[in-house]
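Participant: Here's a sequence, model it:
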Amino acid sequence: METLSYKPIGVIHSPFRDVKGMPIQPAGAEGVVGSVEIEAEYAAGLKDIEGFSHIILIYHFHLSEGYSLEVKPFLDDQFHGVFATRAPTRPNAIGMSVVRLLTVQGRVMRDADVDIVDGTPLLDVKPYVPEFDVRKTKQIGWLSKTRCRVRDVRADERFR
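Facilitator: Next up, the predicted model:
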């Protein structure tokens, strides 16, 4: 299979200097403010982004080392296949978060509900559009018994 490579388009800033103690999902990071700094060569791509209340940040889990095909996620004490989790220890260490867009000033976006470690390389930004992105689901697998805990659980160093 062909090898792919990506160049970061910016960097994500947050109050979290380390994985330990960080919220594990944006729902658990409600009110946490951060920013996204886009590289100057990509700044024109931000045109009209301020019209959206939420954006999707796609990023590289730069602190993740290696990967496991079975992991024990923060919200459970059982092992699951990595593709049935949002764990950072993935074959391609790519993460995504939906955050609230607060302001855009030049090439810097201030955002809220940030569950991302400071200094994370940004790969892409997409507008979040509920009519396009939200789907009714019938089941959410093993998370059905633990999803309400997401606001209370903080990351540890298990996946580093």
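Participant: How about residue 57: which residues does it bridge to?
Facilitator: Beta bridges link residue 57 to residue 97, residue 125 when assigned by DSSP bridges.
Participant: I'd say it and residue 122 touch.
Facilitator: Yes: with contact defined as Cβ atoms under 8 Å, residue 57 and residue 122 form a contacting pair (6.4 Å). Heads up, the C-betas are built off the backbone N, CA and C, glycines and all.
Participant: Residues that sit against both of those two, list them.
Facilitator: With contacts defined as Cβ atoms under 8 Å, 6 or more residues apart in numbering, the residues shared by residue 57 and residue 122 are 12, 36.
Participant: The two - which one has more neighbours?
Facilitator: Taking neighbours as other Cβ atoms under 10 Å, residue 57 and residue 122 compare with residue 57 leading, 26 against 20.
Participant: Apart from its chain neighbours, what residue comes closest to residue 85?
Facilitator: residue 73 (4.6 Å; Cβ to Cβ, 6 or more residues apart in numbering).
Participant: Buried residues in stretch 33-46, which are they?
Facilitator: Within stretch 33-46, the residues scored as buried using 16 or more other Cβ atoms under 10 Å are 33, 34, 35, 36, 37, 38, 42, 46.
Participant: Sorry, slip of the keys, the one I care about is stretch 99-118.
Facilitator: By neighbour count on 16+ other Cβ under 10 Å, the buried set for stretch 99-118 is 99-101, 104, 107, 109-118.
Participant: mind listing the helices for the protein?
Facilitator: With helices called from DSSP state H, the chain shows them at 130-133.
Participant: Touching, the residue nearest to residue 85 and residue 83? I think so.
Facilitator: No: checked against Cβ under 8 Å, the pair residue 73 and residue 83 is beyond contact range at 11.9 Å.
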